[in-house]
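1. Could you look at this predicted model? Sequence included:
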Amino acid sequence: MKNERTFIPIIIIISIIGTITGLVVAAGVTFGAITVTPSEPAALSTVTISVPISGEAPSEVRVTVEECNGRTGICYSDIQNVSMPLISSSIYRTDVTLKHSDATYITCKIVAKISGVWQESSEKRVNLSENTNGNNGDGKKTPGFEIVVFVIAIGISLIVIGRKRVK
Amino acid sequence: MMIPIMKIIPFVFIVFLFMVLLFFSGCTEEKNDTGDDFSFITLGGEMKRLSDFSGKVVVLDCMAVNCQPCMSQMFELKKISENYSTNDVVILSIDVWVSNGETAFMLQEMINEFKKQVNITLDWTFGLDDPEGTIENTYATEGVPSLYIYDKKGNIYYSHVGYESYADLATKIDEALLKN
């Protein structure tokens, strides 16, 4: 997915998704720019998401946060849908803790309820910084590897103990 | 009379090794899994089941509209559509994020945009999961896209979570086609 041949389709894909989500933006409310702090958060970290909303005051505002791994090409199904309280003069803000250690980017979208109808903003994509916690990254483990070492150690120990007793 | 320890140790070691081998054999994934006969609603409003495509290799693409890798996957599925006859291979792209608010309208708009923006006709079967997420909870618990290849008898021959290239999918499709 990293080569040049996928670069152009990715641009097209982003515009397709943007067009689809843009279709439901209605008059009466204007979503400002979505701000994510830090601008390049780490996986599993907590991010602060804020957005100004002008026009008709929404009765409810929420943010959806989708985590994806661009290397393996997967988006995780457990999308977070978090309430955003009004902080000050049309600014809505909330904190969201990311859940996937191998996510490489997130996409955020704001949804606001206006007169009983949900309106949604365009998406904002945020790349995550590299996870350097020393994890295996993809979390894969070799099943039983530790047991093999344990068994061999037990075997050697028994042999050594047995020889000492014979002496 | 006590059995000398030196005679017991090798026996105990062999028993441990045997138990480890048994453990490893349990880690192998059995892929000859009979998939359940799931049902879904097509964009045309028709209810379909997996068994409706019996006798053909089925490529099940559990996808979502708000999923960039799923959109990339469409290009690879298009190549399958172009290189295999529908008499042999059927592609089913099922939106499994209905529980996350995705709708038939959004799915149809996605297909329309592919035609409009890149002049690609996604000419295979598209459908939606039920609002309870039955297909998602069975086949796409980890994420999307989740891909499955069923053999002609409806058994799951291959599965993969995440984007998969046409080349890799074609290899598995060819194997499934040769399988009785």
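-> Looks like it came in fine. Residues are numbered from 1 along each chain as shown, chains lettered A, B, ... in the order given.

2. Name the single longest helix found in chain A.
-> helix A:145-166 (DSSP state H).

3. helices and strands around that one, which ones?
-> Packing partners of helix A:145-166 (3 or more Cβ pairs under 8 Å, 6 or more residues apart in numbering or on different chains; DSSP states H and E): helix B:5-27. The way it works is simple: take the backbone N, C-alpha and C, and place the C-beta from them, glycine included.

4. what pLDDT, on average, does the helix it packs on get?
-> Helix B:5-27 shows a mean pLDDT of 70.

5. for stretch B:96-106, same thing?
-> Mean per-residue pLDDT for stretch B:96-106: 93.

6. what's the spacing between it and its chain's center?
-> Put simply, stretch B:96-106 sits 19 Å off its chain's centre (Cα atoms, centre = their mean, to the nearest Å).

7. quick one: it near chain A?
-> Yes - among the residues of stretch B:96-106, B:96, B:97, B:100, B:106 lie within reach of chain A under Cβ under 8 Å from any Cβ of the partner chain.

8. Now that stretch: buried residues?
-> B:96, B:97, B:98, B:99, B:100, B:102, B:104, B:106 (16 or more other Cβ atoms under 10 Å in any protein chain shown).

9. can you check stretch A:72-91 too?
-> Neighbour-count burial for stretch A:72-91 [16+ other Cβ under 10 Å]: A:72, A:73, A:74, A:75, A:76, A:77, A:79, A:80, A:84.

10. In contact with the residue in chain A that chain B sits nearest to, which residues?
-> Closest residue of chain A to chain B, Cβ to the nearest Cβ: residue A:73 (2.5 Å). Contacts for residue A:73 were tallied using Cβ atoms under 8 Å, 6 or more residues apart in numbering or on different chains; they are A:1, B:69, B:72, B:73, B:145, B:162, B:163, B:164.

11. how about the second one, what does it touch?
-> Read that as residue B:69. A:1, A:68, A:70, A:73, A:74, A:75, B:144, B:145, B:162, B:163.

12. Identify the residues contacting the residue nearest in space to the middle of chain A.
-> Centroid-nearest residue in chain A: residue A:67, 2.7 Å away (criterion: Cα atoms, centre = their mean). Residue A:67 makes contacts with A:75, A:76, A:98, A:99, A:100, A:103, A:105, A:106, as judged by Cβ under 8 Å, 6+ apart.

13. what's the pLDDT at the third one?
-> Looking back up the chat, that one is residue A:98. 98.

14. Report how many residues lie close to it.
-> 18 (other Cβ atoms under 10 Å in any protein chain shown).

15. same deal with the fifth one?
-> Other residues within reach of residue A:100 by the criterion other Cβ under 10 Å amount to 19.

16. Which residue, other than its chain neighbours, is closest to it?
-> Once flanking residues are discounted, residue A:100 sits nearest to residue A:67: 4.7 Å by Cβ to Cβ, 6 or more residues apart in numbering or on different chains.
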